[in-house]
Every structure is written in structure tokens, then in C-alpha cells.
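# the sequence and its predicted three-dimensional model are supplied below.
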Amino acid sequence: KALYLAGLKDTLQTSQDLGITSLNKIDQYGLTLVLGGGEVSPLELTSAYGVFANNGIKNNHVAIAKITDRNGKVLEEFKETPTQAYPEQSVLLLNNVLYDNNARLPLNGPNSPTDFPNQEVALKTGTTNDYRDVWIVGYTPRIAVGAWAGNNDNSSMVKKTSGFIIAPLWRAFMDEALKEIPAETFKRPDPIDPNLKPILRGIWQGGQTYTIDKTTGKLATDLTPPELREERAVPDAHTILFWVDKNNPKGPPPSNPYADPQFNLWEKPVQAWILGNGGNLGSSQPPTQSDDVHTPDAIPRVNITSPSAGADFDRNDRISVSVNIENKFDIRKVEYYMNGFLMETENSKPFDTRIQVKDIQNIQKMNTLKVIAYDEYENRGETEIRFIINN
């Protein structure tokens with residue numbers, strides 16, 4: 001389905017941009033290309049995944065980096081010619097999926113060769129039809145490694161997936177290689193554009209959405225805290241072809257999705273699944289009332305009564321901090337920050353605390369004390385003062 005949506009021609013062009021030159025017989029390929037309908041060498045495939053490791057930047061693979069004579073004179077040397085082969089944000093999103101260790105657990109289980117609980121390693125396995133080929137390619141921001149297995153006569157192997165055939169060999173190499181390479185984390189992608197169609201953001205239950213406040217179940221407002229906002233869909237599930245024109249994915253939905261030759265083939269099982277689950281998609285119609293617990297008058301009003309602004313302290317002093325809070329709802333906790341660092345959290349009245357000056361990080365002549373109060377609905381109010389610490 002992904003190949004159909006992306007288009008065979010554009011997909012082959014992308015593969016060429018990534019350095020795969022062997023997929024050059026477009027008239028011989030169809031949608032089965034994703035099931036082993038085209039031949040690619042492990043070298044080209046691993047090199048293409050190296051582009052993902054490099055955030056979309058491609059360098060041609062090379063076997064020899066440099067040749068010198070016996071005196072150390074450089075006779076030949078590889079020169080990098082980096083090109084942006086694929087948009088960075090698209091690669092970062094892909095990496096974000098492939099290095100998600102938890103996403104691999106349902107298929108391979110814990111303690112499998114693809115399980116990396118303490119390091120970010122992106123990887124993808126593959127098994128062709130009839131178990132003729134198995135492969136795995138994995139990478140970190142520093143290295144990409146691929147491995148393949150199959151019989152010389154192209155006969156079927158044992159009926160096991162790549163995770164059980166080739167992955168152990170690949171993992172044995174990776175374990176040794178990663179000992180020599182500094183551990184790095186992948187660059188994170190930007191947040192997904194909230195203006196994209198729901199189906200393009202992973203919301204499949206329907207094409208019309210609304211956002212609620214999770215504490216009240218009412219429509220969220222601008223004052224609803226981000227962590228309490230939840231987007232829901234009005235139940236109207238269909239195959240992606242109902243919502244997306246594959247020739248203009250970000251444009252309006254197709255005026256007649258039934259005109260697509262694949263639509264009925266994709267839509268029928270979706271509707272059968274819905275009926276098989278009693279038509280319950282887990283969503284409902286939008287509420288008619290708006291969030292009424294996150295309002296301007298509900299924001300806690302915090303006042304630091306001690307110490308006073310501009311007060312002087314020495315390095316051996318202990319600062320007693322007292323606050324007065326005007327609140328509509330019960331206060332749940334109060335946090336105390338010094339120069340941007342969390343120092344104390346109080347969870348019960350009177351919410352006062354004491355802070356040793358010697359424990360304050362980044363001490364300066366003039367320092368900042370910030371107090372943030374949270375109520376039971378996550379309304380938050382804050383205030384700050386500045387005070388002096390003498391050397």
C-alpha cells in the first residue's frame with residue numbers, strides 16, 4: 001500500500017537518490033517490489049541506510065579511503081562529495097520509528113538480537129517470499145551495518161524470519177563494533193504539523209477531529225495545559241484512499257474515491273473490521289461545553305513572603321522560603337527553583353521550604369528564586385524574586 005501511494009516511478013527515483021542503482025527495470029516491477037520483486041546488493045542497501053544514519057546526507061560508498069607509498073606520500077585519497085539525498089525531517093521521522101526499541105518487542109520479544117535497551121540503534125529486517133532471503137540493516141549516527149543470508153541455489157530456507165536467522169550474526173558484529181564507537185543519540189524530529197490531515201498524523205478513526213480537556217471531557221481551550229489536551233476523531237473510519245489523493249496527499253480529499261481502482265479492495269476489509277468490532281471506534285461526537293476549570297480566574301496567584309527581594313545571604317546561610325497562594329482549586333504541589341535548577345518540591349501545606357545556599361548551582365552575585373504552584377487540575381501560577389549571595 002505504501003508503494004502504491006508513493007508511486008512506483010517516484011519510489012525508484014528515491015532509491016536512486018539514496019544510491020541504489022540496481023533497480024533500473026521499471027517495466028518489470030510492480031507492487032510486489034516490496035516483497036523481493038527486485039534485486040539489490042547488501043552493499044547498496046546498507047549504503048542507502050547509511051543515508052538515514054547521516055540525516056539524509058549521502059556519501060558514495062568506497063572500499064579504499066587512502067593509498068600511500070612506503071614513505072607516507074598520499075597517492076590516492078577519497079574525497080567526500082556529500083549531497084542532501086532526502087529531506088532531513090522525513091529521515092528524522094523514519095529514524096524515530098526504527099530506533100524505537102519498544103516497537104520491536106511485540107514481534108521479537110525481549111532479549112532478542114534486535115533488542116537494544118541501553119543504546120539507540122535503528123534497524124529493519126526483511127524476509128522475502130518463500131523464505132529465500134533474509135536480511136537486516138541497522139545503524140547508529142556513526143555506523144551502518146547490513147547482513148544477508150540465503151541459499152546459493154535460491155531455494156527456500158527454514159521457515160523462520162530474519163530476526164531468527166540472520167539477526168544473531170549481525171548482532172554479534174554490532175556488539176563488537178559499538179564497543180569502539182562513542183554512543184550517540186539520534187537527532188529528534190520536529191513536532192508533526194498539526195495542520196496535516198488526521199490520517200497523515202496517525203489518526204485513522206475519522207477525518208474530523210476535536211480536542212478535549214482530559215480532566216473534564218469538555219472541549220479544550222487555549223488555557224488547557226498541553227499535557228491535558230487529547231485529540232479525538234468523530235467516528236468515520238475509511239481506508240486512507242478515502243481521505244488522501246495519492247497524487248496530492250496534502251490537498252483536499254478525493255471528490256470520488258471510488259474512482260481509484262484500489263479503493264474497493266482497501267475499503268471492504270476496513271468496513272468488515274469495523275462491523276466485526278460492533279462499529280465501536282472508541283470515539284464520540286464532540287462535546288458542546290468548553291473546559292471550565294482552566295480559566296484565568298483559576299490560575300494560582302503566588303506571592304513570596306520570605307525572603308524579600310534584594311535580600312543578602314552568605315554562603316553558609318540557609319534560606320527560609322515562605323509563600324502565600326490564592327487559589328480556586330486545591331494546590332497539589334509547589335516547586336522551588338534557584339537559578340533555573342529545581343531545588344525542592346513541597347506537596348502539602350504550608351508549602352514552605354528551606355534551601356542551603358551551598359547547594360545552589362551556578363551561584364552569582366545576583367540570583368533568582370522562582371516558585372511555581374500547581375493545583376489539582378494542573379493550573380499553574382508562578383512568581384520570582386532576585387536576591388544577593390555574598391562571596
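Received, thanks.
# my read: Gln285 touches Val234, true?
Yes. Using C-beta atoms under 8 Å as the test, Gln285 is close enough to Val234 to be in contact (6.3 Å). Placement of C-beta: from N, CA and C, glycine included.
# out of these two, name the residue with the larger neighbour count.
Val234 (16 against 10; other C-beta atoms under 10 Å).
# any idea how far Thr68 is from the more buried one?
Distance of Val234 to Thr68, given as C-beta to C-beta, to the nearest Å: 68 Å.
# just the buried positions in the host helix or strand of Ile355, please.
Following DSSP states H and E, the helix or strand that holds Ile355 is strand 353-356. When burial is assessed from 16 or more other C-beta atoms under 10 Å, strand 353-356 yields the following buried residues: Thr353, Ile355.
# repeat for stretch 192-203
Under the neighbour-count criterion of 16+ other C-beta under 10 Å, stretch 192-203 has Lys197, Pro198, Ile199, Ile203 buried.
# span of that stretch from start to end?
One end of stretch 192-203 sits 12 Å from the other (C-alpha to C-alpha, to the nearest Å).
# ok, now stretch 223-236?
29 Å.
# ok, residues contacting that stretch?
198, 203-215, 220, 281, 283-286, 291, 294-296, 377-380 (C-beta atoms under 8 Å, 6 or more residues apart in numbering).
# before we move on, the earlier item: mind giving me the packing neighbours of the following helix or strand past the strand holding Ile355?
Once the chain leaves strand 353-356, the next helix or strand it forms, by DSSP H and E, is strand 366-375. Counting contacts by 3 or more C-beta pairs under 8 Å, 6 or more residues apart in numbering; DSSP states H and E, strand 366-375 packs against strand 301-306, strand 318-326, strand 331-338, strand 380-390.
# please redo it, this time with the cut-off set to 10 Å
strand 301-306, strand 318-326, strand 331-338, strand 341-346, strand 380-390 (3 or more C-beta pairs under 10 Å, 6 or more residues apart in numbering; DSSP states H and E).
# switch these over to JSON lines; also include distance to Asn96, mean neighbour count and mean pLDDT.
JSON lines is the format used below for those (distance: least, C-beta to C-beta, whole Å; neighbours: other C-beta atoms under 10 Å; pLDDT from 0 to 100):
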{"stretch": "strand 301-306", "distance to Asn96": "37", "mean neighbour count": "15", "mean pLDDT": "96"}
{"stretch": "strand 318-326", "distance to Asn96": "40", "mean neighbour count": "15", "mean pLDDT": "96"}
{"stretch": "strand 331-338", "distance to Asn96": "30", "mean neighbour count": "20", "mean pLDDT": "97"}
{"stretch": "strand 341-346", "distance to Asn96": "28", "mean neighbour count": "15", "mean pLDDT": "96"}
{"stretch": "strand 380-390", "distance to Asn96": "29", "mean neighbour count": "15", "mean pLDDT": "95"}
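# nearest to Thr81, of those strands?
strand 341-346 (45.6 Å; C-beta to C-beta).
# ok so, going back, closest to Asn96 out of the buried residues of stretch 192-203?
Once C-beta to C-beta is applied, the member of these that ends up nearest Asn96 is Ile203, at 17.6 Å.
# the closest one against Thr209, yeah?
Yes. Using C-beta atoms under 10 Å, Ile203 is in contact with Thr209, at 6.2 Å.
# which residues do those two both contact?
Lys197, Glu231, Arg232, Ala233, Ser283 (C-beta atoms under 10 Å, 6 or more residues apart in numbering).
# now do the first one against Trp204, distance only.
For Lys197, the distance to Trp204 equals 11 Å [C-beta to C-beta].
# which residues are common contacts for the two?
In contact with both Lys197 and Trp204: Ile240, Trp243, using C-beta under 10 Å, 6+ apart.
# for Ile319, see how far away Met366 is.
Met366 is 14 Å from Ile319, by C-beta to C-beta.
# JSON lines please, covering the helices and strands packed on strand 366-375 and showing distance to Thr83.
Shown next, in JSON lines, are the helices and strands packed on strand 366-375 (distance: least, C-beta to C-beta, whole Å):
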{"stretch": "strand 301-306", "distance to Thr83": "54"}
{"stretch": "strand 318-326", "distance to Thr83": "56"}
{"stretch": "strand 331-338", "distance to Thr83": "46"}
{"stretch": "strand 341-346", "distance to Thr83": "43"}
{"stretch": "strand 380-390", "distance to Thr83": "47"}
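# for Asp245, which of those is the nearest?
strand 380-390 (43.2 Å).
# now for that closest one, which elements pack on it?
strand 301-306, strand 312-314, strand 318-326, strand 331-338, strand 366-375.
# including distance to Thr21, could those strands go into JSON lines?
Formatted as JSON lines, those follow (distance: least, C-beta to C-beta, whole Å):
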{"stretch": "strand 301-306", "distance to Thr21": "64"}
{"stretch": "strand 312-314", "distance to Thr21": "69"}
{"stretch": "strand 318-326", "distance to Thr21": "67"}
{"stretch": "strand 331-338", "distance to Thr21": "56"}
{"stretch": "strand 366-375", "distance to Thr21": "57"}
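# and those strands: which comes nearest Asn60?
That would be strand 331-338 among the helices and strands packed on strand 380-390, by C-beta to C-beta, at 50.4 Å.
# now the angle from the closest one to strand 301-306?
50 degrees (axes from the mean of the first three to the mean of the last three C-alpha atoms, to 10 degrees).
# direction included, what does strand 331-338 pair up with?
strand 341-346 (antiparallel), strand 366-375 (antiparallel) (DSSP bridges).
# quick one: residues in contact with the shortest one.
Strand 341-346 is contacted from outside by 319, 321, 323, 331, 333-338, 351-356, 359-362, 369-374, using C-beta under 10 Å, 6+ apart.
# at 8 Å instead, please
Lys333, Val334, Glu335, Tyr336, Tyr337, Asp352, Thr353, Ile355, Asp359, Ile360, Gln361, Asn362.
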